[in-house]
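Undergrad: got a predicted model here, sequence first, then my questions.
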Amino acid sequence: MVENAKSIEALHILMPRQTGSKRRQKENPSYESFMMEGYKIMVGKNEKGNIALLKEAKKSDLWLHVKDIPSAHVIIRTNKQKVPSNVLEFGARLCAGFSKLQPGSYLVDYTTRGNVRMGHKANVTYVNYQTLKVLKE
């Protein structure tokens with residue numbers, strides 16, 4: 001995704017600068033965190049990361065997953081606020097981008113974490129969802 005960034009601003013979204021004299025340690029090596037417009041977006045890098053995200057997410061956080069295909073899980077911390085559409089779309093692009101998928105068009109389902117039930121390992125069932133269409137380049 002970094003290689004496909006079309007502007008410096010896009011790179012700053014993907015790799016935000018760290019402030020302060022001490023760099024924070026990664027919260028969990030099995031997922032990546034991004035900030036966009038004050039919203040924290042976390043993406044699972046593997047099954048262990050997906051499980052960690054599901055366990056750490058609050059009921060009101062948004063959960064995203066590529067429809068009907070094994071993929072990365074994405075959590076957007078909402079702090080009970082309405083998430084702007086551009087933040088939601090960015091999260092959906094991250095979901096497809098971090099998944100082992102070929103370039104193309106994909107549907108990404110999203111719902112609140114409270115509507116997601118964990119099954120065996122990182123397999124989930126979910127209800128009351130909406131769907132976005134995204135392009136993976």
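TA: Yep, it's here.
Undergrad: show me what the biggest helix by length in the chain is packed up against.
TA: When the chain is scanned for its longest helix (criterion: DSSP state H), the result is helix 85-97. Contacts defined by 3 or more C-beta pairs under 8 Å, 6 or more residues apart in numbering; DSSP states H and E place helix 85-97 against strand 31-36, strand 39-44, strand 62-66, strand 74-76, strand 104-112, strand 130-136. Just so you know, the C-beta spots here come from the backbone N, C-alpha and C atoms, and that holds for glycine as well.
Undergrad: would JSON lines of those strands with distance to residue 120, mean pLDDT and mean neighbour count be doable?
TA: Formatted as JSON lines, the helices and strands packed on helix 85-97 follow (distance: least, C-beta to C-beta, whole Å; pLDDT from 0 to 100; neighbours: other C-beta atoms under 10 Å):
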{"stretch": "strand 31-36", "distance to residue 120": "20", "mean pLDDT": "90", "mean neighbour count": "18"}
{"stretch": "strand 39-44", "distance to residue 120": "16", "mean pLDDT": "94", "mean neighbour count": "22"}
{"stretch": "strand 62-66", "distance to residue 120": "16", "mean pLDDT": "97", "mean neighbour count": "24"}
{"stretch": "strand 74-76", "distance to residue 120": "20", "mean pLDDT": "96", "mean neighbour count": "27"}
{"stretch": "strand 104-112", "distance to residue 120": "19", "mean pLDDT": "96", "mean neighbour count": "17"}
{"stretch": "strand 130-136", "distance to residue 120": "24", "mean pLDDT": "94", "mean neighbour count": "14"}
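Undergrad: nearest to residue 122, out of those strands?
TA: Evaluated over the helices and strands packed on helix 85-97, closeness to residue 122 peaks at strand 39-44, with 7.7 Å, by C-beta to C-beta.
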